[in-house]
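K.L.:
Sequence plus predicted model, see below.
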Amino acid sequence: MVERTLSIIKPDAVPKNIIGEIIKRFETAQLKIVAIQMRHLSKKEAEAFYYVHRERPFFDSLATFMSSGPIVAMVLEGEQAISKNRSMMGATDPKKADKGTIRADFGGGIETNVVHGSDSPASAAFEIPFFFSQLDLVR
Ligand code: CMP
C-alpha cells in the first residue's frame, strides 16, 4: 500500500552536512519526496509537535533540542513508507540501532538521533499537516 510519512532531519544532523546523504538513502529506497521545507522551530512549536510526549521526563529537553537549530521536514511517499522509513532510521537510541541504519551511522545519543519519522498512520495524519498544507504536497 502506498503511504505518506513525515520525516525530519534534526538539528544535530544539519551542521554535519548530511542532508544530501540522508535524502539519497530515501530516494534510493524508492521513498519519493513529495514536500520539503527547512525551518527553525520555536520551542513552543517543538512542544506542539511532540505534544504526545508532554508527560515524559525528556519532554523539555527534547523541545529545547528540536528548537536549537534548523531542521528539514519532508513528506516521503512510497510502498509501506511508514515502516520502511522507520527501519531505515533504526532504533531510537543510536547505540542500539542496526548497522547501516541512519541513526547507527550518524547518531550521537538518544536525543541527538539525527532523524524523526512518523510511527503509525495516525501519527502521520497529525504530523504531515503540522508542517504542510494540501497545496504543498506534490501529486
Ligand atoms: P523521535 O523519534 O523524534 O521521537 C521522540 C524523541 O524523543 C526521540 O526520537 C528521541 O530523540 C527523544 N528522546 C530523548 N530522550 C528519550 C528517551 N529517554 N527515550 C525515548 N526518546 C527520547
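P.N.:
Thanks, I have the structure now.
K.L.:
all contacts plus neighbour counts: C-alpha atoms, from now on.
P.N.:
OK.
K.L.:
So for the residue of the chain found nearest the ligand, what's the pLDDT?
P.N.:
Nearest to the ligand, among the residues of the chain, is Glu111, at 3.7 Å (Cα to the nearest ligand atom). Here the pLDDT value assigned to Glu111 is 98.
K.L.:
Surely it and Leu62 touch.
P.N.:
Yes. The pair Glu111 / Leu62 is scored as a contact, 6.8 Å apart, by Cα atoms under 8 Å.
K.L.:
Please enumerate the helices of the chain.
P.N.:
Remark: helices assigned in the chain by DSSP state H are 19-28, 43-49, 59-66, 81-89, 102-106, 121-131.
K.L.:
Just send the ones you listed back as CSV, with distance to the ligand too.
P.N.:
Below are the helices of the chain laid out as CSV (distance: least, Cα to the nearest ligand atom, whole Å):
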stretch, distance to the ligand
helix 19-28, 15
helix 43-49, 10
helix 59-66, 6
helix 81-89, 9
helix 102-106, 10
helix 121-131, 11
